[in-house]
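**Student:** just need the structure, nothing else, for what follows:
(2 chains)
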There are 2 protein chains.
Amino acid sequence: MPQQLNIGYLGPSGTFSEQAAQTLARNFPLHSLIPLPSIPHVLLEADKGNIDLGLVPVENSIEGTVNVTLDMLAHEVDLDIQGEIILEIKHCLLTKEPHGSIQAIYSHPQALAQCRRFLQKNFPQIPCITTDSTAQAAQIVKESREPVADLGSMQAAREYGLFVRFTDIADYISNKTRFLVVGREKLLDLKPKKTSLFLAVKENRPGVLYEILGEFARENIDLTKIESRPTKKEFGDYFFFLDCKADLLEEKNEVLKRLENTCRLVKVLGCYGSVNL
Amino acid sequence: MPQQLNIGYLGPSGTFSEQAAQTLARNFPLHSLIPLPSIPHVLLEADKGNIDLGLVPVENSIEGTVNVTLDMLAHEVDLDIQGEIILEIKHCLLTKEPHGSIQAIYSHPQALAQCRRFLQKNFPQIPCITTDSTAQAAQIVKESREPVADLGSMQAAREYGLFVRFTDIADYISNKTRFLVVGREKLLDLKPKKTSLFLAVKENRPGVLYEILGEFARENIDLTKIESRPTKKEFGDYFFFLDCKADLLEEKNEVLKRLENTCRLVKVLGCYGSVNL
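**Tutor:** A predicted model of the protein is given here:
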């Protein structure tokens, strides 16, 4: 009898992370979706084996990298990236009543930032109040006696019975969030198209990153992301996170070996493909 | 008669940003410190000329880049980085009473993240509640009837009359935040030691970043930061933020010219030095 698979994600229900988790869950007939209160919770529970797969946001096309996700994968947990899910984010303005004035707008700070120009143009005098998630904001709107609004998803509107006053209000046309599927045991069988690496150089000197990138340029491998991160010891001492379009473990293993000339640490965070939407 | 200089910073009072603003203010005999509610507010007010200088956080040695600061400097405002201030951050656990139990811990999400292991070890069962700033958390602690705590600065303890129960509790020894001083008009006269650049490549192809870094390696210029950022149009289409240890405007101008071979946009965000503490 097939076992039930436990998938943990950044809750509560009604968030964009839940949409991504539902997409992932379609790959497994018997599953249970478990909302967890924070990104560290999801990663630590996966690391302990209390959940089989964890789903965490790692990058948003407007807001950039979610630092805590990458840092924990590099330093604190022993998990393998098994897949990525890229989800289109459509922010809506939600209220309890279909019409009437709005006294305050609640949402997660990233969602407010993503709609900043819309808010400035349409609600210049209305205070924006931050919450832990867009779904928490929807709950506040539902329970409030005042006419307040939530910046959130269509899913949150359905979940909390709110009216959609404006749709697709982010300041840029394409607003996507990239999620990673992580776990101790390989459960997702996707053809690897991408590798995520964490590198620490042997010596911080001019030209060292140039040499590292040379290993990829020589093999004609496309980089899709690079980021220097403080080592948390000294300013100016950096690690690097790199994503590239290649399977470095199976197909281009010699790149990993040559990186050891310049790096004291080469950690493969995962070789993975995309989960189909 | 010398005019009063208006310095805007990320408020409210009692934040680490205020400490940095006070450091900056020592350079100007007649000044007024103006707390503003968010990073976009500081940058937009400086851009309009409503404040003479603005002070914003850009990078923390634990949490990494403050995305909104870099993105707005690149895309939305026409401001010059005139200096940087690096401030050592010491987090403390503050309460209203000198002894007794703690029922909840309030702070800014970044501060909670920076002390995650301390909290897990010493207060594993105590809920952490996020606030807009460490100073707002101090205010909540001061006004609460329940025995709750704030993760904040010594300065917040003094400001709100709280007891310091633990000092220096961040998970890593060195915890620093880097602030930028920005303005329309050059008011800080520091010898430039560093240049911050924003680059958009002509064509996204394997090896293009390698070629860009080659221009710096050839001149033996040390890079102190590199970060690819989504263009906000398509995933996989990236801008780059680069910091290097050189005055590219005066001393190494040929590097800027040669970058035009690979980049459609080369924006100098500033050539600047450090403000003395």
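
**Student:** what's the pLDDT at the nearest residue to residue A:100 once chain neighbours are set aside?
**Tutor:** Here the nearest residue to residue A:100 in space, its sequence neighbours aside, is residue A:147; by Cβ to Cβ, 6 or more residues apart in numbering or on different chains that works out to 5.5 Å. C-beta: built from backbone N, CA, C; applies to glycine. Looking at residue A:147, its pLDDT stands at 94.

**Student:** just residue A:168 next, same as before
**Tutor:** Residue A:168 carries a pLDDT value of 89.

**Student:** show me what the strand or helix carrying residue A:155 is packed against.
**Tutor:** Using DSSP states H and E, residue A:155 maps to helix A:154-160. Contacts defined by 3 or more Cβ pairs under 8 Å, 6 or more residues apart in numbering or on different chains; DSSP states H and E place helix A:154-160 against helix A:16-25, strand A:92-95, helix A:134-143, strand A:163-166.

**Student:** so which of those is nearest chain B?
**Tutor:** Chain B sits nearest to helix A:134-143 of all the helices and strands packed on helix A:154-160, at 10.4 Å, using Cβ to the nearest Cβ.

**Student:** got a list of what the closest residue to residue A:30 other than its chain neighbours touches?
**Tutor:** Ranked by Cβ to Cβ, 6+ apart and with sequence neighbours excluded, the top spatial neighbour of residue A:30 is residue A:4, at 4.5 Å. Contacts for residue A:4 (Cβ atoms under 8 Å, 6 or more residues apart in numbering or on different chains) come out as A:30-32.

**Student:** quick check on residue A:4: phi, psi?
**Tutor:** Phi and psi for residue A:4, reported as degrees, to the nearest 10, are phi -70, psi 140.

**Student:** show me what whichever strand or helix holds residue A:56 is packed up against.
**Tutor:** Taking DSSP H and E as the definition, residue A:56 sits inside strand A:53-60. If contacts are counted by 3+ Cβ pairs under 8 Å, 6+ apart, strand A:53-60 sits against strand A:5-10, helix A:16-25, helix A:39-48, helix A:67-75, strand A:80-88, strand A:176-183.

**Student:** same thing but 7 Å
**Tutor:** The contact analysis (3 or more Cβ pairs under 7 Å, 6 or more residues apart in numbering or on different chains; DSSP states H and E) places strand A:53-60 against strand A:5-10, helix A:16-25, helix A:39-48, helix A:67-75, strand A:176-183.

**Student:** now do that strand, average pLDDT.
**Tutor:** 89.

**Student:** between strand A:5-10 and that strand, find me the angle.
**Tutor:** Orientation check (axes from the mean of the first three to the mean of the last three Cα atoms, to 10 degrees): strand A:53-60 against strand A:5-10 gives 30 degrees.

**Student:** with just CA atoms, put strand A:53-60 into CSV.
**Tutor:** Provided in CSV are the C-alpha atoms of strand A:53-60 (Å, rounded to 0.1, in the frame of the first residue of the first chain):
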residue,chain,number,x,y,z
LEU,A,53,8.9,17.4,1.2
GLY,A,54,9.1,21.1,2.1
LEU,A,55,8.1,23.9,-0.2
VAL,A,56,9.6,27.4,0.4
PRO,A,57,9.8,30.6,-1.6
VAL,A,58,13.3,31.5,-2.8
GLU,A,59,13.0,34.4,-5.3
ASN,A,60,10.4,36.9,-6.5
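
**Student:** chain center to that strand, what's the gap?
**Tutor:** Remark: strand A:53-60 is offset 4 Å from the chain centroid, using Cα atoms, centre = their mean, to the nearest Å.

**Student:** direction included, what does that strand pair up with?
**Tutor:** Using DSSP bridges, strand A:53-60 pairs in its sheet with strand A:5-10 (parallel), strand A:64-65 (antiparallel), strand A:176-183 (antiparallel).

**Student:** least confident of the helices and strands packed on strand A:53-60, on average?
**Tutor:** helix A:67-75 has the lowest average pLDDT among the helices and strands packed on strand A:53-60, namely a mean of 86.

**Student:** can that one be said to contact chain B?
**Tutor:** Yes. Applying Cβ under 7 Å from any Cβ of the partner chain, one finds helix A:67-75 in contact with chain B at A:67-68.

**Student:** do the same with stretch A:76-84
**Tutor:** No. Residues of stretch A:76-84 contacting chain B under Cβ under 7 Å from any Cβ: none, with a closest distance of 9.0 Å.

**Student:** state the mean pLDDT of that stretch.
**Tutor:** Mean pLDDT, stretch A:76-84: 95.

**Student:** then stretch A:194-213?
**Tutor:** On average, the pLDDT along stretch A:194-213 is 92.

**Student:** okay, how far is it across that stretch, tip to tip?
**Tutor:** 16 Å (Cα to Cα, to the nearest Å).

**Student:** swap in stretch A:45-53?
**Tutor:** Start-to-end, stretch A:45-53 (Cα to Cα) is 9 Å.

**Student:** sorry, back to before: out of the helices and strands packed on strand A:53-60, which is closest to residue B:270?
**Tutor:** For residue B:270, the closest of the helices and strands packed on strand A:53-60 is helix A:67-75, at 23.7 Å, according to Cβ to Cβ.

**Student:** with just CA atoms, put that closest one into CSV.
**Tutor:** The C-alpha trace of helix A:67-75 is given here as CSV (Å, rounded to 0.1, in the frame of the first residue of the first chain):
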residue,chain,number,x,y,z
ASN,A,67,17.7,35.4,2.1
VAL,A,68,16.7,33.0,4.8
THR,A,69,15.9,30.2,2.4
LEU,A,70,19.3,30.2,0.7
ASP,A,71,21.3,30.7,3.9
MET,A,72,19.6,27.8,5.7
LEU,A,73,20.1,25.5,2.7
ALA,A,74,23.8,26.5,2.6
HIS,A,75,24.6,26.4,6.3
